[in-house]
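**Q** structure for this input, please:
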Amino acid sequence: MLKAFTRLATATAIVLVPFFPVALLADECPAERALYSLDTEEGRLELGFARAQNYASIASNLYLYLTTTQRTYWFTFSVSNGYSGMTLLPVTDPTRADAKPDGPQELIDLSSNDEATHDVLRALRFYALDEDFTFWFEPPMSGEPAPAYIMVPEIGLALWYGAGDLTDDPDADRDPVPRGVFQPEVCLDTLPPPAWP
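**A** Numbering: from 1, shown residues only. A predicted model of the protein is given here:
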């Protein structure tokens, strides 16, 4: 009887183990160490956070980076009052030497009344979720628990029709990113030096 129970418990544990990393990552991994992935037909996408020496934006002390099959894109967070939620704002690579004096360059003029600019911003909505799929109202912060899941469902629209708006790479062209949920892959053991500023 005990032997049969042990086998059943072992088999159950083996089946359930793949479901535990999400909860463990959310509870134990600080946001700046969390690495997320999304497998696509084009290849694997990675999403993660980089610490800023001070604050990347008024909303968070983290930058977000998205690595596609073509390049890495960098963003800061913007949080609006009320029901507007969180939006990603594209910036140049904050780890490069040219970002040291004043931080990375913003790639979108937020004061613009251009409809195309507004379309890009609408495509950069950011959603962080708990393991029970509760939506966060504030972006991740360094030292705080990482989200269980991340979604940027319309970013593919911006990268397909206007990848050049999200990077200073002059060769940027259509970059296919499907809708999907970025799931935690690993909690990193080591971190690079903080980004500027």
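
**Q** from here on, contacts and neighbour counts on C-alpha atoms
**A** Fine.

**Q** now the strands for the protein?
**A** Using DSSP state E, the strands of the chain run over 34-39, 44-51, 62-67, 72-79, 86-91, 125-129, 149-151, 181-187.

**Q** now the ones you listed as TSV including mean pLDDT, distance to residue 105 and mean neighbour count?
**A** Output for the strands of the chain, formatted as TSV (pLDDT from 0 to 100; distance: least, CA to CA, whole Å; neighbours: other CA atoms under 10 Å):
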stretch	mean pLDDT	distance to residue 105	mean neighbour count
strand 34-39	99	24	20
strand 44-51	99	16	21
strand 62-67	99	13	22
strand 72-79	98	10	22
strand 86-91	99	5	23
strand 125-129	98	20	20
strand 149-151	99	24	21
strand 181-187	98	26	20
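
**Q** would you turn the ones you listed into CSV with distance to residue 159?
**A** Output for those, formatted as CSV (distance: least, CA to CA, whole Å):
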stretch, distance to residue 159
strand 34-39, 16
strand 44-51, 13
strand 62-67, 11
strand 72-79, 10
strand 86-91, 12
strand 125-129, 13
strand 149-151, 15
strand 181-187, 17
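
**Q** run through the bridge partners of the residue lying closest to residue 28 once chain neighbours are set aside.
**A** Nearest residue to residue 28 in three dimensions, chain neighbours excluded: residue 145, at 6.5 Å (CA to CA, 6 or more residues apart in numbering). Beta bridges link residue 145 to residue 30 when assigned by DSSP bridges.
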